[in-house]
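1. Pasting the sequence and the predicted coordinates here, then a few questions.
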Amino acid sequence: TKHEQLSEPTLQTWKKHIVPEKNDPASIESDIVHHTITTLCRGVYNLDKLAMYQATAHSVRDRLLEDWNLTQEALHRENPKRCYYMSMEFLIGRALDNALHCLHVKKNYNQSVDNLGFSLEDLLCEEKDAALGNGGLGRLAACYMDSAATQDYPTWGYGLRYQYGIFKQMIKDGYQTEMPDYWLNFDNPWEFPRADIRYEVRFHGYVATKINEKGETRMTWEGGDKVQAMAYDVPIPGFDTKGCGNIRLWSSKPLNTFDFDSFNAGDYERSVAEQTAAQNLTSVLYPNDNHLVGKELRLKQEYFFVSASLQDIIHRFKRAKCPWKDFPDKVAVQMNDTHPTLAVPELQRILVDIEGLEWDDAWDIVTRTFAFTNHTVLPEALECWSVPMMEKILPRHMQIIYDINLFFLQKVEKVFVGDRDLLKRISIIEEGSPQQVRMAFLAVVGSHTVNGVAALHSDLIRKHLFNDFIKYYGPDKFINITNGITPRRWLYQANPDLRDLITTTLGSEDWATKLDLLKGLKKFADDTKFQSQWAAVKYKNKERLAFWIKANMGITVNPDALFDIQVKRIHEYKRQYMNILSVIYRYQSLKKMSAEDISQQVPRVVIFGGKAAPGYYIAKLVIKLINSAAQVINNDKSIQDMLKVVFIPDYNVSLAEIIVPASDISQHISTAGTEASGTSNMKFVLNGGLILGTVDGANIEIGEQIGAENIFMFGVLSDEVEDIRHNQKYHGLFMDPSLQVVIDSIQAGQFGDPSIFGPLINTLTYGGDYYLISVDFKSYLQKHTEVDETYRDKKSWVKKSIMCTAGMGFFSSDRAVCEYADKIWKLKPFKVEA
Ligand code: T68
């Protein structure tokens, strides 16, 4: 029975009972106790922090669900155009604190939890991070969902519910080891299993022809194996709004088929083999960022994800009984990188094979629906799938991709008659053995708009990766939307003291949803009293981090020291290696000084954090070198604690919330042209940390917004990189003398068995120094000296810090999502009222 079928009196009965939750402390207490007894089936006799966290979370979720229902019901009724953000990764982190802030109930919850004998801050730490992502790409998706909900854009995320998120990193003897992330061990209050929302997804099989009702010949995909996708909904609270967003995650389940023949023949394992395989599909997140590992299971995950999502979207579209040609007026789909690109041939297949549309009409719908965000130019990260593998797993899709390519190349040929080279370069199929499907090209051809994630990156993809496509399509299809971060999690929630100082100074907390208002802080940048308040907040945040480091790692660091932080995935192009080499250089310099001179130095704490992909040998050696150097440096009394090195294990969203507010300097030092945008750079600067960075990604735009005098930039420019590499290849490598000394010390065994680091050192020598560490080393060291000198003048440093935060309005993900809505999705906010 649906709403529309109920009689008016029955409806009234329903309405009578739908009453808003009360948010006074007594009602909250009562709800928590109620959940303890009913939802958890526990009582005061067997209560612990985890149970108390769960009861609290359930009571918050009740409040969230009011908004969820209100929003989804209104959307159902009004049926506005919606956007679907398809992403294989959502790196959400913890939900409870965020929900409390969004609902503006944290103060009362503090009191209620206190009255019940616990501390809310303690309970918050009981929550496991939802870590369904690798790094920037997944976290960006989470920030965008927050901003879409906050600004009432009717947007849903679609993704996969991995049972194991990104692995837990442990450091043993200085090496990274990996442990599985069993994040669903306990009940997860932030997801709703939708046992009634299930779709079948097919793999393998064969293609046949059939005659449809109109007497036309159509292809049909038959046979093969089927699995089921079941939906889990994760509510996404908006800040200061009754609107509530949603991320729908798919979990694979076996179809209720059971091989009775095998069972009866005594082959039990075989009889359940299919079921086990089905369940394994969404077991684990692939732990590689910016690197493709062409595994069959990954391809299956990608198809499973797009197939279930499109079936769900189409199911919703069909309810309104609109004609197919209106599909793009009701549905916008954003593909977060190429991972969801199979959605292009899948929608074409559904429209042509199943719905009976003509190819051209279907293709028009497809290309008006999809848009594609590119996040990388690194060749090793560009997805290519082998044609034989595709033919085996998705035979009909492979045919469709061939046809898409054929029609596309025919059109290109008409414009560029006889240009065989162009056709070869632009083809979706790359020749070779085996042939490969270039997913980025398929995404471009299947989308109406393609965007890069920072100004430089968008220029580079227009100039290089997609240059041939611009010749054909013209430039307008390729736009830039610079990334953003949510100021709610990354300032309001993570840095409560700075939040309160800003709110008092600006007179309201409107800045949390209108981040441009932060520019109002500029006029206080020279105010001595404000400066000392600002500095006190930073100091407290550094103390908080120092406390964490002491408690968890046993290392003492001094909050008066300059905190210099680089936390991100470990990757050669991000050059953590260059950072630790410069740390060793600093150590050697200290060792050469008199005790008197040492005592005059600016003390530094250099903090690293980040995971290396489990199969990334060189990245893992970098972690080992950092830890080996830390071991020697931290235990050398002669340098009077002027240098400390810390590698924080298992860097994740929750740790970032403690680390980010505590930086004086954060490093974003990728080889120019390699980091598409970076988003942690934005988080640090928003919290009043200065950047030491290269002229790369969003660093450039951050510098423009906060002023060149407030950012430390160094290194070669992206358009010099090609020539330098070319010269190195033909005229030999240049080895910076300071770098040579550092390498010599490693090779002399100053940081343990040098043979361990041989392969790492080789990347600088025989390996050709592809990431130009030697080329940038001198200017990098010079900038470090400049940082030290600037830090000595506390007043000017604090002023810079204030100017950093004040200039960050542009980097709110609210701005970024608005740009997507206006320029790509053609989407209007849809406000729901209580
Ligand atoms: C990052 N990409 C970019 N990829 O490196 C970063 N890759 O510059 C940018 O700021 C961020 O995206 C957001 O735009 C990634 O994080 C991945 O994590 C990834 C995952 C799977 C496969 C390939």
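-> Okay, I see it. From a predicted model like this one, the values you see are computed outputs, not experimental measurements. Numbering: from 1, shown residues only.
2. Excluding chain neighbours, what is closest to the residue in the stretch 251-400 of the chain positioned nearest to the ligand?
-> When distances are taken as CB to the nearest ligand atom, the stretch 251-400 of the chain approaches the ligand most closely through Asp289, which lies 3.4 Å from it. In this view, the C-beta of every residue, glycine as well, is placed from N, C-alpha and C. In space, and not counting its chain neighbours, Asp289 is closest to Asn134: 3.9 Å by CB to CB, 6 or more residues apart in numbering.
3. Next, count neighbours for that neighbour.
-> The burial count assigned to Asn134 is 23, neighbours taken as other CB atoms under 10 Å.
4. That one in helix, strand or coil?
-> Assigned by DSSP: H, G, I helix; E, B strand; the rest coil, the conformation of Asn134 is coil.
5. let's have the chain start at 239 instead
-> Sure, I'll start numbering at 239, so the last one becomes Asn372.
6. Can you report how many residues lie near the closest residue to the ligand within the stretch 939-1072 of the chain?
-> Shortest the stretch 939-1072 of the chain-to-the ligand distance, computed as CB to the nearest ligand atom: residue-wise this is Ala1054, at 10.1 Å. A total of 22 residues lie near Ala1054 under the criterion other CB under 10 Å.
7. From Glu960, how far off is whichever residue of the stretch 689-838 of the chain sits closest to the ligand?
-> When distances are taken as CB to the nearest ligand atom, the stretch 689-838 of the chain reaches nearest to the ligand at Val691, 4.1 Å away. Note on Val691: its distance to Glu960, by CB to CB, to the nearest Å, is 22 Å.
8. Check Phe501 too.
-> If you measure Phe501 against Glu960 using CB to CB, the figure is 62 Å.
9. re earlier: now the residue nearest to the residue of the stretch 689-838 of the chain closest to the ligand when sequence neighbours are not counted: which helix or strand?
-> Distances taken as CB to CB, 6+ apart place Ser915 nearest to Val691, at 4.1 Å, with adjacent residues excluded. When elements are assigned from DSSP states H and E, Ser915 belongs to no helix and no strand.
10. Close to the ligand: what parts of the stretch 439-588 of the chain are there?
-> Where proximity means CB under 6 Å from any ligand atom, the interface of the stretch 439-588 of the chain facing the ligand comprises 526-528.
11. 8 Å instead, please
-> The stretch 439-588 of the chain has residues 524, 526-530, 575, 577 near the ligand, with proximity defined as CB under 8 Å from any ligand atom.
12. Could you dump these into CSV with pLDDT and neighbour count added?
-> Listed next are those as CSV, based on pLDDT from 0 to 100; neighbours: other CB atoms under 10 Å:
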residue, pLDDT, neighbour count
Tyr524, 98, 19
Asn526, 94, 18
Asp527, 91, 24
Asn528, 87, 23
His529, 91, 17
Leu530, 90, 18
Asp575, 98, 25
His577, 98, 25
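13. Would you mind listing the buried residues in the helix or strand where Gln292 lies?
-> Taking DSSP H and E as the criterion, the element that holds Gln292 is helix 287-316. Judged by neighbour count using 16 or more other CB atoms under 10 Å, the buried positions of helix 287-316 are 289-299, 301-302, 304-306, 308-310, 312-313.
14. Same question for stretch 383-392.
-> By neighbour count with 16+ other CB under 10 Å, stretch 383-392 contains the buried residues 383-392.
15. So which residues of the stretch 889-1038 of the chain form strands?
-> Counting by DSSP state E, counting those that start in this stretch, the segments of the stretch 889-1038 of the chain that form strands are 903-906, 928-932, 950-952.
16. Using a markdown table, lay out these together with mean neighbour count.
-> A markdown table is the format used below for these (neighbours: other CB atoms under 10 Å):
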| stretch | mean neighbour count |
| --- | --- |
| strand 903-906 | 26 |
| strand 928-932 | 26 |
| strand 950-952 | 19 |
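17. Redo the ones you listed as JSON lines? Include mean pLDDT and distance to Thr741.
-> Conversion of the strands of the stretch 889-1038 of the chain to JSON lines gives the following (pLDDT from 0 to 100; distance: least, CB to CB, whole Å):
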{"stretch": "strand 903-906", "mean pLDDT": "99", "distance to Thr741": "24"}
{"stretch": "strand 928-932", "mean pLDDT": "99", "distance to Thr741": "23"}
{"stretch": "strand 950-952", "mean pLDDT": "98", "distance to Thr741": "29"}
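18. For Lys921, find the nearest of these.
-> Across the strands of the stretch 889-1038 of the chain, Lys921 has its closest neighbour in strand 903-906 (8.5 Å, CB to CB).
19. which strands and helices sit next to that closest one?
-> Here strand 903-906 is seen to pack against strand 800-805, helix 918-924, strand 928-932 when contacts are counted using 3 or more CB pairs under 8 Å, 6 or more residues apart in numbering; DSSP states H and E.
20. Out of these, flag the one nearest Lys452.
-> helix 918-924 (54.0 Å).
21. What residues does the protein have near the ligand?
-> By CB under 8 Å from any ligand atom, the residues of the chain that approach the ligand are 326-327, 371-378, 524, 526-530, 575, 577, 611, 613-614, 619, 621, 691-692, 695, 721, 807, 913-917, 935-936.
22. Filter those residues down to the buried ones.
-> 326-327, 371-378, 524, 526-530, 575, 577, 611, 613-614, 619, 621, 691-692, 695, 721, 807, 913-917, 935-936.
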